[in-house]
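Q: from the sequence below, what's the structure:
(chains A and B)
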Amino acid sequence: MKLDVVELDNQITKVVLAGRMDIEGAAAVDTKFSVVSGSRKKVIVDLSDVSFMASIGIRTLVMGAKAITNKGGKIVLLNPQPNVGKVLETTGINTVIPIVQDLPSAIAAVGV
Amino acid sequence: MTSPKIFHRAFERTLPGATSASRWLDGIGAAEDICGNILFAMQICLEELFSNIVRHGGPASSSPPEIFVTLEIHPCFLRMIVEDDGKPFDVSKARAEKISRPLAGITPGGLGVLLAKSYADKLTYERSGGLNIVTAEFARRAGGSYFGAAILEPRATKID
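A: Down below sits the predicted model:
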């Protein structure tokens, strides 16, 4: 599991996740994701290269989202693969963290 | 009637054991040409059942602690059986709710049970011989080359 951080314009941070967000994968990125979500206010999480999402991965996303929104920030999930998107919908995450399909929509969602 | 093809293995009752189990299942999936969407559903169930046992199953009575996974490939469906000797826990009756509250009020928990129930076509529990025995079944879908569904639709889940 990989996590890359890309700084965009207007203090927007894109977190690019790649791999399987299972027990092993979530453990590999959990600390880094916590650091990013604890220090940024506009975060786009690019899920396009995430091939698997288990509940432990959703926990990582939710805890990060709480940290961001608690300080008045915004987070959006970008372009999950279809099966990963279904997992997010099945758990209801999409009702508390917006999911968009393209970068311009993601930038608009976190607010420029 | 065709006999099922059966695979069985014991795994360490640890979180790394879940990773080993997942790789084992992936290997069978590739060797047996199981459709990716069905394999995804099976991986979700295996990961969540395994993780639940390790994190909430209490002390095991066996040494070394192990979790046993059996996979049966039948002509019309796949059956996965996960067995452990931790404290009794009927996952089929466990509370499982979608997230519906505001983000600030969410404490992640119970989502694994929800996913396991949602992605198996049938999930049953039995306690026998000091073991928790959870059986998950996955039906073949119509069309496609083997199990071929398009995008797997989790079945509607009745939440008790």
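
Q: biggest strand in chain A by residues?
A: Ordering each strand of chain A by length in residues (DSSP state E) puts strand A:42-53 first.

Q: so is that one next to chain B?
A: Yes: using C-beta under 8 Å from any C-beta of the partner chain, we find that strand A:42-53 touches chain B at A:Phe52. Using the backbone N, CA and C atoms, a C-beta is placed for each residue, glycine as well.

Q: which SSE is immediately downstream of that strand?
A: With elements assigned by DSSP states H and E, the helix or strand that comes after strand A:42-53 is helix A:55-70.

Q: counting contacts, what elements does that following helix pack onto?
A: Counting contacts by 3 or more C-beta pairs under 8 Å, 6 or more residues apart in numbering or on different chains; DSSP states H and E, helix A:55-70 is packed against strand A:13-21, helix A:23-39, strand A:42-53, strand A:74-78, helix A:82-91, helix B:36-56, helix B:111-119.

Q: circling back: state the mean pLDDT of the longest strand of chain A.
A: Average pLDDT, strand A:42-53: 98.

Q: nearest to B:Lys5, out of the helices and strands packed on helix A:55-70?
A: Using C-beta to C-beta as the measure, helix B:36-56 is the one of the helices and strands packed on helix A:55-70 that comes nearest B:Lys5, at 14.5 Å.

Q: and that closest one, which residues are buried?
A: B:36-54 (16 or more other C-beta atoms under 10 Å in any protein chain shown).

Q: next, the angle from that helix to strand A:42-53.
A: Angle, helix B:36-56 to strand A:42-53, by axes from the mean of the first three to the mean of the last three C-alpha atoms, to 10 degrees: 100 degrees.

Q: hmm, helix B:36-56 in reach of chain A?
A: Yes: Helix B:36-56 comes into contact with chain A (C-beta under 8 Å from any C-beta), by way of B:37, B:40, B:43-44, B:47-48, B:51.

Q: in TSV, list these along with distance to B:Lys93 and pLDDT.
A: Below are these laid out as TSV (distance: C-beta to C-beta, whole Å; pLDDT from 0 to 100):
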residue	distance to B:Lys93	pLDDT
B:Asn37	27	91
B:Phe40	25	95
B:Gln43	23	97
B:Ile44	19	97
B:Glu47	20	96
B:Glu48	15	96
B:Ser51	18	93
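
Q: and these as CSV, adding distance to B:Arg9?
A: Output for those, formatted as CSV (distance: C-beta to C-beta, whole Å):
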residue, distance to B:Arg9
B:Asn37, 23
B:Phe40, 20
B:Gln43, 15
B:Ile44, 19
B:Glu47, 16
B:Glu48, 18
B:Ser51, 17
